[in-house]
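Visitor: Just to be clear, the model below is a prediction. Sequence and coordinates:
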Amino acid sequence: MIGTIVQFLLLAATLVLAFYFLTNRRKARAKAGVKLGFVVFIVAAVWAVLRPDDLTVLANWIGVDRGTDLLLYVLVIAFMFTTMSTWIRFREQELRYARLARAVALQSPVLPATSLIDAPDPER
Amino acid sequence: MEPSHPDRPDFRDTWLIIPCYNEGQVIQEVIENARQTFPNIVAVNDGSADDSAARIHAGGAHLVNHPVNLGQGAGIQTGVEYARAQPGAQYFVTFDADGQHQVKDVVRMVSRLREEPVDIIVGTRFGRPRAENDQVPWIKRVVLKTVVFLSPTTRRLGLSDAHNGLRVFNKKVADEMNIRMNGMSHASELVSMIADRGWRVAEEPVDILYTEYSMSKGQSLINGVNILADGLLARRL
């Protein structure tokens, strides 16, 4: 099989992404399941790039005409998943942020009898 | 609004918690008025851009400043954490900064909490047959009733107005309270907390003053959509 330029580019991008994800332990603290899922995803991606026709066969099995259509559907699902997990991550972040701000706030209450010198500038 | 109560009960064991965001126009008056009856008030200035902090201090309340704006739910939680750490604090009240809640309702609710075997009393705008001078705008009425209708927990607990901001609760509830929804969805969160932790809950009919000021600031209906969405999704986290 003769590779085209686009196949080379796609494969290179996939491999770089896989390398980055699997070696960057500090940032990608994903759960084991997510990592396994990602490996499966990479393998499927490489396969689809090298043998696009197999994708069409797979698509036909589940009642979709073209492999590219199947790819689009899978992409939409993946996008929804990403959106959801981003949202959850933001929620967790927001909660930590609130706890931090609360801890700061509770460290310096202004009692009624004291002067307001310690209070923040309202013009801020 | 008269603070007078014939026998003037002692409210030194009661803390009013007022979350405040950009309420500089009214907050001082609200605090001064409430302080005629309730000596202990903590107002949480939720990163206001106006002079709320100075007004709160001038009004004679304890002032806790969020360094950034977090939302009403976060403000209430901060106020509860401050108040429950104060010596002698037994009863806690969440009270709105914009003057729509009335001190006479709080007096009644705290007295009830002292006498009845309940942990938390929630104010309701729909507790009595609809009064002639009822001020709840009809659209608000529809939205609030829909929220109640869509929440099985709220109905099971027999609550008719879960989004009423006026609540009175005891030390047990204050100690266990952990509001995680920073924004306006804390009311629904509180309902599930009541259900999950088995707090004994009751309702008390209260009057809400819809002043022009509070109406201009009040929760928009769009917020109702946010509250529903948060209720469906975020609480499962």
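Guide: Ah, there it is. The structure presented is a predicted model; accordingly, all values stated were derived computationally and were not measured. Residues are numbered from 1 along each chain as shown, chains lettered A, B, ... in the order given.
Visitor: can you map out the helices along the chain?
Guide: This is for chain A. Here chain A has its helices, by DSSP state H, at A:5-23, A:32-50, A:52-61, A:67-107.
Visitor: try again with chain B
Guide: Using DSSP H, helices in chain B cover B:27-35, B:52-59, B:72-84, B:103-115, B:138-150, B:152-156, B:171-176, B:186-197, B:212-217, B:221-232.
Visitor: Check the ones you listed for me: which has the lowest mean pLDDT.
Guide: Of all the helices of chain B, the minimum mean pLDDT falls on helix B:212-217 (a mean of 59).
Visitor: Figure out which of the helices of chain A is closest to chain B.
Guide: Among the helices of chain A, the nearest to chain B by C-beta to the nearest C-beta is helix A:67-107 (4.8 Å). In this view, the C-beta of every residue, glycine as well, is placed from N, C-alpha and C.
Visitor: rewinding a little: point out the most buried one among the helices of chain B.
Guide: Compared across the helices of chain B, helix B:72-84 shows the largest average neighbour count, a mean of 25 (mean count of other C-beta atoms under 10 Å in any protein chain shown).
Visitor: Before we move on, what's the pLDDT of residue 85?
Guide: Looking at chain A here, since you left the chain open. Reported pLDDT for A:Ser85: 85.
Visitor: that's the wrong chain, I wanted chain B
Guide: 94.
Visitor: Show me the beta-bridge partners of the residue in chain A that chain B sits nearest to.
Guide: When you check chain A against chain B by C-beta to the nearest C-beta, the closest residue turns out to be A:Val110, at 4.0 Å. Assessed by DSSP bridges, A:Val110 has beta-bridge partners B:Leu63.
Visitor: Would you check how far apart A:Ala48 and B:Phe169 are?
Guide: A:Ala48 is 58 Å from B:Phe169, where distance means C-beta to C-beta, to the nearest Å.
Visitor: Run through who's touching stretch B:51-62.
Guide: Here stretch B:51-62 makes contact (C-beta atoms under 8 Å, 6 or more residues apart in numbering or on different chains) with A:109-112, A:116, A:119-120, A:122, B:16, B:18, B:20-24, B:27-32, B:35, B:40-43, B:45, B:63, B:65, B:82.
Visitor: In PyMOL, how would I select the buried members of these?
Guide: Of those, the buried ones go into a single PyMOL selection, burial set by 16 or more other C-beta atoms under 10 Å in any protein chain shown:
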select buried, (chain A and resi 109+110+112+119+120+122) or (chain B and resi 16+18+20+21+22+23+24+27+28+30+31+35+40+41+42+43+45+63+65+82)
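Visitor: per the record, what domains does chain A have?
Guide: A:1-50, A:58-105 (automatic domain parsing).
Visitor: how about the ones you listed in CSV, adding mean neighbour count and distance to chain B?
Guide: Below are the domains of chain A laid out as CSV (neighbours: other C-beta atoms under 10 Å in any protein chain shown; distance: least, C-beta to the nearest C-beta, whole Å):
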stretch, mean neighbour count, distance to chain B
domain A:1-50, 12, 15
domain A:58-105, 13, 5
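Visitor: Would you mind telling me which of those domains is nearest B:Lys145?
Guide: Evaluated with C-beta to C-beta, those place domain A:58-105 nearest to B:Lys145, the distance being 28.3 Å.
Visitor: mind listing what B:Arg12 touches?
Guide: Counted by C-beta under 8 Å, 6+ apart, B:Arg12 has contacts B:39-40, B:88.
Visitor: Could you check the pLDDT of it?
Guide: pLDDT, read off for B:Arg12, is 90.
Visitor: Compute the distance between it and chain A, please.
Guide: Per C-beta to the nearest C-beta, to the nearest Å, B:Arg12 is found 14 Å from chain A.
Visitor: From B:Gln90, how far off is that residue?
Guide: Applying C-beta to C-beta to B:Arg12 and B:Gln90 gives a distance of 9 Å.
Visitor: again with B:Val110
Guide: Counting by C-beta to C-beta, the gap from B:Val110 to B:Gln90 is 10 Å.
Visitor: Low-confidence regions, chain A specifically.
Guide: A:1-3, A:24-31, A:114-124 (pLDDT under 70).
Visitor: repeat that with 80
Guide: Scanning chain A for pLDDT under 80 picks out the ranges A:1-3, A:20-35, A:113-124.
Visitor: Spatially central residue for it, please.
Guide: Nearest to the geometric centre of chain A sits A:Thr82, at 5.0 Å (C-alpha atoms, centre = their mean).
Visitor: So which bits of stretch B:163-172 are buried?
Guide: Buried residues in stretch B:163-172, counted by 16+ other C-beta under 10 Å: B:163-170.
Visitor: Cross those against strands and list the overlap.
Guide: In strands, defined here by DSSP state E, the members of the buried residues of stretch B:163-172 are B:167-170.
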